[in-house]
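In: Sequence first, predicted model second:
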Amino acid sequence: DAKTTQPPSMDCAEGRAANLPCNHSTISGNEYVYWYRQIHSQGPQYIIHGLKNNETNEMASLIITEDRKSSTLILPHATLRDTAVYYCIVRLYSGGSNYKLTFGKGTLLTVNP
Amino acid sequence: GAVVSQHPSWVICKSGTSVKIECRSLDFQATTMFWYRQFPKQSLMLMATSNEGSKATYEQGVEKDKFLINHASLTLSTLTVTSAHPEDSSFYICSARLWTGERDGYTFGSGTRLTVV
């Protein structure tokens, strides 16, 4: 199974870009990378996902290296409300047409005023 | 779109009783639903995957007779914690997969905090 490695915590100044790294060196060619975040005592919130190409949406950008062994989530202008645990997940095939998201420990991002 | 409703948001029950948690996809039909458990200061742990009309697939180490999962329709899955004990106290979160061929997303509910006393 592909595993992900993230720093346990990071700090970012409000208004600055937050760059959250993730290593997934054992990822397979058809496995997607998903990013979610979880604010205390809430369900995870979807941020973005990608396979090979860089992706951007209204929340963030996802940069995936050419060898797909790592990726970076970028929050372009972090706000205090972006303080959360951010999870980088490799979606795993579980048989038939089924896939599953298995969470690692994530990165606690603290945005400071 | 893609909203998942989980009910109740919190519940307190006595040791030895059973508790049912509901997970509904409000505006889409979920091909697959998932149940997670999260202990304080820990990550989410996948308990089981359920497809409508078939038996759930449990992750290793999860007791299927204790955590009963029913997925009777494309919009509803339930998790029943049977004979609950204090060590079952946790945050339970469901997720539903929306797969249309063009879109493949996983939406999470807001979670249920279970306290067994």
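Out: In hand now; what should we look at?

In: okay, CA-based contacts and neighbour counts for the rest of this
Out: Noted.

In: just the strands in the chain please.
Out: Because you didn't say which chain, this covers chain A. Applying DSSP state E to chain A gives strands spanning A:9-13, A:18-23, A:33-38, A:45-50, A:55-56, A:61-64, A:70-75, A:84-90, A:92-95, A:98-100, A:107-112.

In: Actually, chain B is the one I wanted.
Out: Under DSSP E, chain B gives strands at B:4-7, B:10-13, B:19-25, B:32-38, B:45-51, B:57-58, B:67-73, B:76-81, B:90-99, B:104-108, B:112-116.

In: And the contacts of the last one?
Out: The set of residues that contact strand B:112-116 without belonging to it, under Cα atoms under 8 Å, 6 or more residues apart in numbering or on different chains, is B:6-15, B:21, B:84-93.

In: when you check chain A, which of those residues turn up near it?
Out: B:I93 (Cα under 8 Å from any Cα of the partner chain).

In: Name only those of the contacts of strand B:112-116 that count as buried.
Out: B:6-7, B:9, B:13, B:15, B:21, B:84-85, B:88-93 (16 or more other Cα atoms under 10 Å in any protein chain shown).

In: got TSV for those, with pLDDT and distance to A:A17 too?
Out: Shown next, in TSV, are the buried ones among the contacts of strand B:112-116 (pLDDT from 0 to 100; distance: Cα to Cα, whole Å):
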residue	pLDDT	distance to A:A17
B:Q6	97	33
B:H7	97	36
B:S9	97	34
B:C13	96	45
B:S15	97	48
B:I21	98	39
B:A84	97	45
B:H85	97	45
B:D88	97	40
B:S89	97	38
B:S90	97	34
B:F91	98	31
B:Y92	98	32
B:I93	98	30
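
In: how about those, which pair is most distant?
Out: Of all pairs drawn from those, the widest gap by Cα to Cα lies between B:Q6 and B:S15 and measures 22.5 Å.

In: And the residue of chain B closest to chain A?
Out: Residue of chain B nearest chain A, by Cα to the nearest Cα: B:S110 (4.3 Å).

In: Was I right to think that residue contacts A:H40?
Out: No: counting by Cα atoms under 8 Å, A:H40 is not a contact partner of B:S110; they are 10.8 Å apart.

In: More neighbours: the two, which one.
Out: B:S110 (23 against 11; other Cα atoms under 10 Å in any protein chain shown).

In: Identify the residues contacting the closest residue to that one other than its chain neighbours.
Out: Nearest non-adjacent residue to B:S110, counting by Cα to Cα, 6 or more residues apart in numbering or on different chains: A:G43, 4.3 Å away. Taking Cα under 8 Å, 6+ apart, we find A:G43 in contact with B:I93, B:F108, B:G109, B:S110, B:G111.

In: what bridges to the closest residue to the third one other than its chain neighbours?
Out: Nearest non-adjacent residue to B:G109, counting by Cα to Cα, 6+ apart: B:V4, 5.0 Å away. Beta-bridge pairing for B:V4 (DSSP bridges): B:S25.

In: Contact partners for B:V4?
Out: B:C23, B:R24, B:S25, B:L26, B:S95, B:A96, B:T107, B:F108, B:G109, B:S110.

In: Redo the residues you listed as a markdown table? Include pLDDT and distance to A:Y99.
Out: Below are the contacts of B:V4 laid out as a markdown table (pLDDT from 0 to 100; distance: Cα to Cα, whole Å):
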| residue | pLDDT | distance to A:Y99 |
| --- | --- | --- |
| B:C23 | 96 | 19 |
| B:R24 | 96 | 19 |
| B:S25 | 93 | 18 |
| B:L26 | 93 | 21 |
| B:S95 | 97 | 12 |
| B:A96 | 95 | 12 |
| B:T107 | 95 | 14 |
| B:F108 | 97 | 15 |
| B:G109 | 97 | 18 |
| B:S110 | 97 | 21 |
